[in-house]
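J.: sequence and predicted structure, then a few things I'm wondering about:
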Amino acid sequence: MEEGQSSSINTEALTGLDGRSARKKLGFRTKSLRNLLKMGHCAPAVMKTILEICGSEEQWPIKAAAGLPGGIGDSGFECGGITSPLILLGMRYGLRDLRNGLPLVFYKGHDHFRQFVDRNRTPLCREIRGDNYRLTRCIRAVCCAPENTASALSHDGSNAIAGEQLDAYALLYSHMAAKGFHCSHQVLHHLSLTIPLCRELLDAAAGYIGGTLFKGMTCSAYAAGVMALGLQMGEIEDSLPRVLRMIVLMKTGGNAFADHINKFNGVMNLGNSLARWFIAEFGDTQCQAITGCDFSSPAAVRRYIETDGLARCREIAEKVADQVLGLLSTVKAT
């Protein structure tokens with residue numbers, strides 16, 4: 001695992017938010033709603049808002065989030081209100097500053113994850129939006145994500161992981177670091193001839209390990225594959241009329257996610273193609289289901305290490321990278 005300098009994005013404007021900052025929170029939510037109405041999808045709208053608050057005009061983080069809507073490639077799992085802030089936290093902290101055997105991004109990420117679930121009752125896109133697209137729930141998740149991120153940045157988060165969970169995570173991280181393995185980094189390294197690799201990109205993916213911060217959720221190799229598709233193929237939607245048309249189609253049963261309806265749809269749909277391949281190949285997109293390991297249990301982690309579970313994870317990452325290259329070649333050929 002590599003080390004480097006912190007992100008060039010200044011997160012100072014996101015810090016210091018507390019219960020007395022009602023005007024600041026309102027400003028965050030207003031920016032979020034405006035971006036959602038012009039972009040139409042959760043993850044890129046959250047990322048755009050966070051970058052605006054930080055005074056950054058960077059475009060690549062928005063493209064990295066382009067395929068994450070719908071619960072990462074429209075697979076229904078982690079909401080974009082979780083995934084985009086995790087990219088920002090990675091850009092800020094990378095894998096630096098180990099505390100009790102874990103990089104600080106784990107504590108910050110878990111704190112952010114907890115706040116999101118406390119506010120939205122679930123981390124899962126499919127449960128937030130429901131079968132008939134409860135848009136008010138999606139709007140709330142998007143509009144409150146930047147202030148959750150601000151809170152995670154402002155607090156030390158040391159209580160977010162403790163006890164046996166901390167012991168298990170630290171043991172697993174030490175093992176992976178010793179073997180030079182990081183799920184999402186492995187994918188990005190394999191794609192480095194197609195997607196230029198830099199420290200900031202690797203930092204952005206820091207929290208995508210072990211199924212999102214060792215939570216055993218969406219495989220982080222798959223998530224990195226979706227981000228890579230966005231970085232290579234992503235376009236940025238910026239049209240209220242087009243988004244309103246998409247909303248009407250969503251509520252009336254039309255094909256709201258056709259590629260031509262929204263500029264983010266194409267990458268999201270490619271991510272969904274990757275998910276379908278992934279399920280056919282490995283049986284599930286969820287890390288715990290694939291590995292059979294609860295990473296919060298020290299005993300389970302020891303079994304994972306003793307049985308060389310990392311060998312299969314390394315193989316998965318390499319196959320994901322190859323599949324991404326195949327998808328990119330197919331799209332460019334059409």
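T.: Noted; the coordinates are in hand.
J.: hey, where'd the strands end up in the stretch 51-200 of the chain?
T.: Remark: strands assigned in the stretch 51-200 of the chain by DSSP state E, counting those that start in this stretch are 98-99, 102-103.
J.: in JSON lines, list these along with mean pLDDT, mean neighbour count and distance to S151.
T.: C-betas here are computed from N, CA, C, even on glycine. Shown next, in JSON lines, are these (pLDDT from 0 to 100; neighbours: other CB atoms under 10 Å; distance: least, CB to CB, whole Å):
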{"stretch": "strand 98-99", "mean pLDDT": "95", "mean neighbour count": "14", "distance to S151": "19"}
{"stretch": "strand 102-103", "mean pLDDT": "97", "mean neighbour count": "22", "distance to S151": "19"}
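J.: and of these, who's closest to K63?
T.: strand 102-103 (24.8 Å; CB to CB).
J.: now do the same for Y133: its pLDDT.
T.: The model reports Y133 with a pLDDT of 78.
J.: likewise for G253?
T.: Note on G253: pLDDT of 89.
J.: count the residues that sit near D97.
T.: Neighbour count for D97, taken as other CB atoms under 10 Å: 12.
J.: what helices and strands are in contact with the host helix or strand of R29?
T.: Element membership of R29, judged by DSSP states H and E, is helix 22-39. Contacts defined by 3 or more CB pairs under 8 Å, 6 or more residues apart in numbering; DSSP states H and E place helix 22-39 against helix 42-53, helix 135-154, helix 240-252.
J.: using PDB, write out the CA atom coordinates for it.
T.: Extracted in PDB, the C-alpha atoms of helix 22-39 (Å, rounded to 0.1, in the frame of the first residue of the first chain):
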ATOM      1  CA  ALA A  22     -28.600  26.200  10.700                       C
ATOM      2  CA  ARG A  23     -27.800  28.800   8.000                       C
ATOM      3  CA  LYS A  24     -24.800  26.800   6.800                       C
ATOM      4  CA  LYS A  25     -26.800  23.600   6.700                       C
ATOM      5  CA  LEU A  26     -29.600  25.300   4.700                       C
ATOM      6  CA  GLY A  27     -27.000  26.500   2.200                       C
ATOM      7  CA  PHE A  28     -25.600  22.900   1.800                       C
ATOM      8  CA  ARG A  29     -29.100  21.500   1.300                       C
ATOM      9  CA  THR A  30     -30.000  24.200  -1.200                       C
ATOM     10  CA  LYS A  31     -26.800  23.500  -3.200                       C
ATOM     11  CA  SER A  32     -27.600  19.800  -3.100                       C
ATOM     12  CA  LEU A  33     -31.200  20.200  -4.300                       C
ATOM     13  CA  ARG A  34     -30.100  22.500  -7.100                       C
ATOM     14  CA  ASN A  35     -27.400  20.000  -8.300                       C
ATOM     15  CA  LEU A  36     -29.800  17.100  -8.000                       C
ATOM     16  CA  LEU A  37     -32.400  18.800 -10.100                       C
ATOM     17  CA  LYS A  38     -29.800  19.600 -12.800                       C
ATOM     18  CA  MET A  39     -28.000  16.300 -12.700                       C
END
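J.: okay, buried residues for it please.
T.: By 16 or more other CB atoms under 10 Å, the buried positions in helix 22-39 come out as K24, K25, F28, R29, K31, S32, R34, N35, L36, K38, M39.
J.: find the nearest non-adjacent residue to D322, please.
T.: Spatially, and ignoring its direct neighbours in sequence, D322 is nearest to H190 (7.6 Å; CB to CB, 6 or more residues apart in numbering).
J.: check Y93 too.
T.: V105 (4.2 Å).
J.: tell me the contacts of that neighbour?
T.: By CB atoms under 8 Å, 6 or more residues apart in numbering, the residues touching V105 are L89, G90, R92, Y93, G94, L95, A206, G207.
J.: picking that back up, now do the contacts for the residue nearest to D322.
T.: Contacts of H190 (CB under 8 Å, 6+ apart): A317, E318, A321, D322.
J.: possible to save the helices and strands packed on helix 22-39 as JSON lines with mean neighbour count and distance to F278?
T.: Listed next are these as JSON lines, based on neighbours: other CB atoms under 10 Å; distance: least, CB to CB, whole Å:
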{"stretch": "helix 42-53", "mean neighbour count": "27", "distance to F278": "19"}
{"stretch": "helix 135-154", "mean neighbour count": "22", "distance to F278": "25"}
{"stretch": "helix 240-252", "mean neighbour count": "14", "distance to F278": "25"}
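J.: can I get those helices in CSV with distance to A160?
T.: Output for the helices and strands packed on helix 22-39, formatted as CSV (distance: least, CB to CB, whole Å):
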stretch, distance to A160
helix 42-53, 20
helix 135-154, 9
helix 240-252, 35
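J.: among those helices, which is nearest P196?
T.: When these are compared (using CB to CB), the closest one is helix 42-53, at 19.4 Å.
J.: contact partners of the closest one?
T.: 9, 13-14, 28, 31-32, 35-36, 39, 57-58, 61-62, 64-66, 68-69, 79-81, 83-85, 87-88, 125, 138, 141-142, 145-146, 149, 236-237, 264.
J.: check this structure and tell me which residue is nearest its centre.
T.: Centroid-nearest residue in the chain: T83, 2.8 Å away (criterion: CA atoms, centre = their mean).
J.: please name the nearest non-neighbouring residue to that residue.
T.: Using CB to CB, 6+ apart and skipping residues adjacent in sequence, the residue nearest T83 is L68, 4.8 Å away.
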